[in-house]
Every structure is written in C-alpha cells, then in structure tokens.
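> Based on what follows, work out the 3D shape:
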Amino acid sequence: MDPTQIKKIQAMKRYRRHQFLYNFYFYSLITLTCILFCSIPLLLPYFASPLREFFIVCVPSFVSALLDSTFLFIVGNLIIVVLIVNSRVFSSKSSSSTSDVYYDEFINSRVERQIQRPQAPTSKFMKAREMEEQASEYADVREGEVEEENADGEEGEVGLASDSDELSKRADVFIARVNEQRKLELSLLQCSSFGE
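Sure, this is the predicted structure:
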C-alpha cells in the first residue's frame, strides 16, 4: 500500500475512536442528568411538594401572564422597533461595507494574478532580447544587400531609399514595442516584489 493511504486509514481510525469517545461521554452525561432529575422526587420527598407546587401553581400563572393581550402587544411593538432600528443601522453600514468588500476583492485578485505570473516577464524579456538581436541581424543583412544594389547603379539608389525608410520605420516600431515590453516587465516585477 501507498504510505499516504496508510496514513489516511490511520487518521480515519483515530477520528472514529475520538468520535466514539465523544459520543460515549456526551450520551453518558445526558443519561446521568436524566436519571438524577427523575430520581430527585423519589429520593428526596421534601423536595417533591415544592416542585409539585411550582409546576402546578406558579408555571400556569406565569404562562397566563405571558399570554395576556397587553403584554403581547408591548412585546410585539418592541420587536418591531428593534427590527426597524437594526435595519437602518445595518443598511447604512452594509452599503459602504459591501463596496469596500468588492474593492478589496478586486485588489486582491489583481495582486494574486500579478504574483502568479512572476516567471512570465523574464521569459518575455528573453524573447524581446532575441527579437531585438534578430532585428539587428536582419538590419545588417538588409544593409549589406542595399549596398550591393548600390554598387549595381542608380536603380539601387531608388530601392535603397524606399528600403531604408521602410527598414527604419520597422526598426522604430520594433524598438518602441521592446521599450514598452520592458516597462511592463519592470512594473510587474515591482508589483510582485511589493506583494511579497
């Protein structure tokens, strides 16, 4: 068997044993309490008459006082007042607290997402460097081709001007993308270091 399964089985046995002991103690206490309560009138006769008097005389008069219409009217109105006051207090607190809760949840999810992706900026950074190196190699190769065309004649000069303009535009766009990517990676690294 797998060691983890053995540990699970042992934990389940311990839990069952603990649960059995807990149930045993709980039900034993209930049984003893019931036995003691039921045996009081039998064991102590002088307690029996006051208990009978309490249950036969005092409890019914107390119940009739509770069921009186004026008492029920006062209690009902007090409950309504308490509910109204609580609803006003909680409604003013809940509107601000729910917005705070949603805002905190939003911030926490953003921070967690940024912390979960700490490796991505480094790989993107490496890709950006590779792309930059490839672009510089491509630019060197293109310049070499343009120079060869220049040696052929005037036809190369017209092609050189349009090729160099296109190449410089592409290089500018590429450099702008690389700079933007580096700024993004720097901000992500700062956020992840801030979260730690």
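> right, and the helix or strand after the helix or strand of the chain with the lowest mean pLDDT?
Lowest on mean pLDDT, DSSP states H and E among the helices and strands of the chain sits helix 119-152, with a mean of 61. Sequence order places helix 154-195 as the next helix or strand after helix 119-152, per DSSP states H and E.
> and that following helix, what other elements does it pack with?
For helix 154-195, the elements it packs on are helix 69-116, helix 119-152, judged by 3 or more CB pairs under 8 Å, 6 or more residues apart in numbering; DSSP states H and E. Quick note: C-beta positions are derived from backbone N, CA and C, even for glycine.
> Compute the mean per-residue pLDDT across that helix, please.
Per-residue pLDDT over helix 154-195 has a mean of 75.
> Residue numbering should commence at 822 henceforth.
Sounds good: first residue 822 from here, last item helix 975-1016.
> OK, contacts around L887?
By CB atoms under 8 Å, 6 or more residues apart in numbering, the contact set of L887 is L893.
> any idea how far it is from C879?
13 Å (CB to CB, to the nearest Å).
> ok, A992 - how many residues close by?
16 (other CB atoms under 10 Å).
> measure it to E954 for me?
From A992 to E954 the distance is 13 Å (CB to CB).
> likewise V880?
94 Å.
> Likewise for D993?
17 Å.
> And this protein, what are its domain boundaries?
The chain breaks down into these domains under automatic domain parsing: 839-888, 891-937, 939-1016.
> Now do the shortest one, average pLDDT.
Domain 891-937 comes out with an average pLDDT of 76.
> where does C1012 sit relative to E1001, distance-wise?
For C1012, the distance to E1001 - CB to CB - is 17 Å.
> neighbour count winner among these two?
C1012 (16 against 11).
> ok, that one touching V932?
Yes: C1012 sits in contact with V932 when judged by CB atoms under 8 Å, with a separation of 7.3 Å.
> Which residues are in contact with V994?
No contacts exist for V994 under CB under 8 Å, 6+ apart.
> Phi first, then psi, for D889.
When read as degrees, to the nearest 10, the backbone of D889 gives phi -60, psi 140.
> Count the residues that sit near it.
Count around D889 with other CB under 10 Å applied: 10.
> Repeat that for L1010.
15.
> That one and R1003: what is the separation?
10 Å.
> repeat for C855
Taken as CB to CB, the span from C855 to R1003 is 78 Å.
> Look at these two and report which has more neighbours.
R1003 (15 against 10).
> and the more buried one, how far is that from A992?
Distance from R1003 to A992, by CB to CB: 16 Å.
> same question, N929
N929 is 42 Å from A992, by CB to CB.
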